[in-house]
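**Student:** Using only what follows, build the 3D model:
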Amino acid sequence: MTTQWRVEGTYFEACTCKGACPCLFGRDPTEGSCDALVAWHIDQGSMDELSLDGLNLAMALHAPGNMTAGDWRVVVYIDAGASQQQHDALVQIFGGSAGGHPATLAGFVGEILGVESVPMRYDIEGRQHRLEVGEVAAASLDAIEGQNGEEVTISGHPVAVAPGNTGTVAQSTHVSHRGYGLDWSFGGRTAFYSPFQYQAA
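**Tutor:** As a prediction, the model looks like this:
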């Protein structure tokens, strides 16, 4: 029997690239390699009859070069508010074993350094996104103001965490992570956020 699942909500990515991130277009990172924190907040989600509403997941990653070349080293953080069943479902979905777009993203991972259950908080206030991942990671980012105060957006980019969605261009004020050899703290760099929808293929 095929497992049915679907998750949708909001995600962001904040990385060390400067300016307009070339990784989105299959080009090399501006700094040669890329360190990033990616997070998902699930507004609505389920795996079979199991609800995943309101849960969060984050991933710290290091890509040694072009993102499409893979060999990413990642640490995955699961919301400590999840039950064991919900935890296992999120690992299956975002780890790629349940198929769908997360399986494509998982194909770029060369090494999973760790999977941890930690308290998480993902807050959205207008064009501001804030994330706390226990004591190990945090991020804050703000949308860049465009013409006439409108958002600056990008769509159709070939390397997409949330394909089919228009991304809002933002800038990080602070991004940090420590542990598993992925130790960094930076700000004033590239960030994006958008809705996402993943489901079983």
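**Student:** Which parts of the longest strand seen in the chain count as buried, going by neighbours?
**Tutor:** Determined from DSSP state E, the single longest strand within the chain is strand 34-47. Residues of strand 34-47 classed as buried by neighbour count (16 or more other CB atoms under 10 Å): 34, 35, 36, 37, 38, 39, 40, 41, 42, 45, 47. All C-beta atoms are positioned from the backbone trio N, CA, C, and that covers glycine.
**Student:** Tell me which residues of stretch 72-89 come out buried.
**Tutor:** The neighbour-count check on stretch 72-89 (16+ other CB under 10 Å) flags 72, 73, 74, 75, 76, 77, 78, 79, 82, 86, 87, 89 as buried.
**Student:** where in the protein is pLDDT low?
**Tutor:** The model of the chain has pLDDT under 70 over residues 1-2.
**Student:** Helices along that one, start to end?
**Tutor:** Applying DSSP state H to the chain gives helices spanning 84-94, 101-106.
**Student:** what residues are up against the residue nearest in space to the middle of the chain?
**Tutor:** Central residue of the chain (CA atoms, centre = their mean): residue 38, 2.6 Å from the mean position. Residues in contact with residue 38, defined by CB atoms under 8 Å, 6 or more residues apart in numbering, are 11, 12, 13, 14, 58, 59, 61, 161.
**Student:** change it to 6 Å
**Tutor:** By CB atoms under 6 Å, 6 or more residues apart in numbering, residue 38 lies in contact with 13, 59.
**Student:** neighbours around residue 96, how many?
**Tutor:** Neighbourhood size, residue 96 [other CB atoms under 10 Å]: 18.
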